[in-house]
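Visitor: Structure, please.
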Amino acid sequence: MNAVVQFLPKAPNSSLIDELAEVDAQAKAWADRAKALKEKIANQFGEGKHRGNTHGVNVSLYQSTTYDYKKLIADLSISQDTLAQYAKHSATIRVSVTA
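Guide: Numbering: from 1, shown residues only. Here you go, the predicted structure:
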């Protein structure tokens with residue numbers, strides 16, 4: 001897939017940027033509030049299915065394992081050339097709001 005991305009030196013419609021900044025700030029505030037509510041519900045009710053007046057939640061514990069790949073590569077003496085044979089590359093466009 002060959003995608004061409006053109007970056008313009010100046011945004012043609014800066015009001016879109018300002019609107020994004022406002023919406024992004026609101027989204028962060030809502031995300032923080034949702035996180036706080038989830039933590040409070042998990043601590044108060046514990047694991048299981050719970051009902052409010054009109055909605056329900058399912059509180060469950062997930063555990064995961066991660067690996068220190070840098071240490072693994074060093075311990076097994078894997079060269080960068082060997083590692084490159086297993087690499088998968090992808091491209092993503094990110095838009096982040098700045099002041």
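
Visitor: what's the neighbour count on K35?
Guide: Residues within reach of K35, counting by other Cβ atoms under 10 Å, total 10. Quick note: C-beta positions are derived from backbone N, CA and C, even for glycine.

Visitor: Mind checking what secondary structure it has?
Guide: helix (DSSP: H, G, I helix; E, B strand; the rest coil).

Visitor: quick one: it and A42, what's the gap?
Guide: Applying Cβ to Cβ, to the nearest Å, the value for K35 to A42 is 11 Å.

Visitor: Then H55?
Guide: Distance from H55 to A42, by Cβ to Cβ: 16 Å.

Visitor: More neighbours: those two, which one.
Guide: A42 (14 against 7).

Visitor: shaky segments in this protein?
Guide: For the chain, the stretches with pLDDT under 70 are 1-13.

Visitor: tell me how far the helix or strand hosting D32 is from the chain's mean position?
Guide: Element membership for D32 (DSSP states H and E) is helix 14-45. In terms of Cα atoms, centre = their mean, to the nearest Å, the centre of helix 14-45 is set 13 Å apart from its chain centre.

Visitor: what's that helix packed up against?
Guide: strand 56-59 (3 or more Cβ pairs under 8 Å, 6 or more residues apart in numbering; DSSP states H and E).

Visitor: List the buried residues in the strand it packs on.
Guide: For strand 56-59, a neighbour-count test (16 or more other Cβ atoms under 10 Å) marks nothing as buried.

Visitor: Which element is encountered next along the chain beyond it?
Guide: Going down the chain from strand 56-59, the next helix or strand is helix 69-75, by DSSP H and E.

Visitor: which residues touch that next one?
Guide: Contact with helix 69-75 is made by 78, 83, as judged by Cβ atoms under 8 Å, 6 or more residues apart in numbering.
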